[in-house]
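following is a predicted model, sequence given first.
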Amino acid sequence: MSGRVVCFGELLLRLGAPGRQRLLQSPQFEVHVGGAEANVAVSLARFGHEAAMVSVVPDSPLGDAARGELRRHGVDTRAILTGAGRMGLYFLETGAIQRPSRVLYDRAGSAFALAGAAPYDWPALLAGASWLHLSGVTPALGERGAEAAIVAARAARDAGVRVCFDGNFRASLWQESKCNPAPILHTLMSLADLAFADHRDIAVVLGAKASGASSDDTVAAARLAFEAFPNLQRLACTRREQRDVDHHLLSASLFHRDGGVLHTAPRELHGIVDRIGAGDAFAAGFLHGLLDGMSDEDSLSFALAAASLKHSVPGDFNLVSAQDVNDLIAGGGFHVRR
Ligand SMILES: O=C(O)C(=O)C[C@H](O)[C@H](O)COP(=O)(O)O
């Protein structure tokens, strides 16, 4: 069992300070293409699925390069349109010892944010799709982004295409947008069949009702989400415990509308190379499980292993195959494979 997955969101360029340097400590940046939903599209394509990206980039060498990078990884890029505006950027400074990593967005006025809902012919784009994937990043770009995300999710529901929504709460973007996230995210969650959200995302949407849910009480937050959102069938999240900047424990939970709850054992991640994109790798891993007809337990285990492997790969994309993930699950060890 497989199916086409349509991912909708902004393509970004990441400009990362090399190694563990501070931003602009030296005159170089390492450039990677990213963006939450594009990261999911690349993972799914690498896992063997038909993944299409729907977006708008500027008609410029930067937009062309970003589109080309997705195509190189097997994503269907025919619905990456061009429009007026700039390329969205983010700057990354990777932390070390007691200095945390920092992301600085520079994406106001991007072609994607300016485009709003207008350019997309959703019935055509969704034809033959089994899922639409989108995230809380798009509505955080401002009123036009919020409208675009809601129109896309409604079109998917109207077309009988399941909606996968990743909360991806970005406080700095919401602040800049001057919009109130709660009602917009509430609408999007109400359209989703599958959501990636933890107790903090749920508290943003449901306010005081869920804010009592501590990190030990994601179960209660999930219950509130199922009450509030009748279309929601499954809710998944990761939990990260940081031992130090390069040593984390990553585990995952899955909640099902029928009351089923699954928690994985933590995976221990030492010597982290790059954690950005691990949440997107998790979402793609879980979707892969569902598309391949795996049980919820196996899908969750695959998703966690995929997210864990992302920590070993520089850049936003999780450049691993389903075989790499299955090898990790099988406990293949760390000998050089020859
Ligand atoms: O698209 C955006 O606005 C982004 O922030 C791009 C980020 O590279 C990914 O979304 C990473 O997110 P995680 O998987 O949670 O680490």
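Received the coordinates, thanks. Note that the structure is a prediction, hence the values are computed from the model and not measured.

for the chain, which residue occupies the most central location?
Central residue of the chain (C-alpha atoms, centre = their mean): residue 280, 3.4 Å from the mean position.

look at the residue nearest to it when sequence neighbours are not counted and report its pLDDT.
Excluding the flanking residues, the one nearest residue 280 by C-beta to C-beta, 6 or more residues apart in numbering is residue 39, at 3.6 Å. No exception for glycine: its C-beta is placed from N, CA and C like everyone else's. Listed pLDDT for residue 39 reads 98.

what is the strand or helix carrying residue 39 packed up against?
Using DSSP states H and E, residue 39 sits in helix 36-46. Here helix 36-46 touches strand 4-8, strand 51-57, helix 61-72, strand 129-135, helix 278-291, going by 3 or more C-beta pairs under 8 Å, 6 or more residues apart in numbering; DSSP states H and E.

and the residue nearest to residue 280, how far is that from residue 99?
25 Å (C-beta to C-beta, to the nearest Å).

with residue 248 instead?
Note on residue 248: its distance to residue 99, by C-beta to C-beta, is 16 Å.

hang on, the earlier thing: who has more neighbours, residue 39 and residue 99?
Each of residue 39 and residue 99 has its neighbours counted (other C-beta atoms under 10 Å); residue 39 has more, 28 against 12.

is whichever residue of the stretch 51-200 of the chain sits closest to the ligand in a helix, a strand, or coil?
Nearest residue of the stretch 51-200 of the chain to the ligand: residue 137, at 4.1 Å (C-beta to the nearest ligand atom). When classified by DSSP: H, G, I helix; E, B strand; the rest coil, residue 137 comes out as coil.

and the helices and strands packed on helix 36-46 as TSV, adding distance to residue 236 and mean pLDDT?
Conversion of those to TSV gives the following (distance: least, C-beta to C-beta, whole Å; pLDDT from 0 to 100):
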stretch	distance to residue 236	mean pLDDT
strand 4-8	16	98
strand 51-57	19	98
helix 61-72	25	98
strand 129-135	13	98
helix 278-291	6	98
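
one step back: ok, the residue nearest to residue 280 touching residue 317?
Yes: using C-beta atoms under 8 Å, residue 39 is in contact with residue 317, at 5.9 Å.

shared neighbours, those two?
Residues touching both residue 39 and residue 317 (C-beta atoms under 8 Å, 6 or more residues apart in numbering): residue 277.

hmm, back to that, can I assume the residue of the stretch 51-200 of the chain closest to the ligand is in contact with residue 167?
No: between residue 137 and residue 167 there is no contact under C-beta under 8 Å: 9.6 Å.

for the protein, what spans make up the strands?
If you assign secondary structure with DSSP state E, the strands in the chain sit at 4-8, 12-16, 30-34, 51-57, 80-82, 88-93, 102-106, 129-135, 162-166, 194-196, 234-244, 247-256, 261-263, 267-270.

want to throw the ones you listed into TSV with mean neighbour count?
As requested, the strands of the chain are arranged in TSV below (neighbours: other C-beta atoms under 10 Å):
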stretch	mean neighbour count
strand 4-8	27
strand 12-16	22
strand 30-34	19
strand 51-57	27
strand 80-82	19
strand 88-93	20
strand 102-106	14
strand 129-135	25
strand 162-166	25
strand 194-196	26
strand 234-244	18
strand 247-256	19
strand 261-263	14
strand 267-270	16
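
tabulate those (TSV), appending distance to the ligand.
Shown next, in TSV, are those (distance: least, C-beta to the nearest ligand atom, whole Å):
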stretch	distance to the ligand
strand 4-8	11
strand 12-16	6
strand 30-34	4
strand 51-57	11
strand 80-82	15
strand 88-93	6
strand 102-106	7
strand 129-135	7
strand 162-166	8
strand 194-196	9
strand 234-244	9
strand 247-256	12
strand 261-263	20
strand 267-270	13
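
residue numbers of the stretch 201-338 of the chain in contact with the ligand?
Residues of the stretch 201-338 of the chain lying close to the ligand (C-beta under 6 Å from any ligand atom) are 276, 277, 278, 279, 280, 316.
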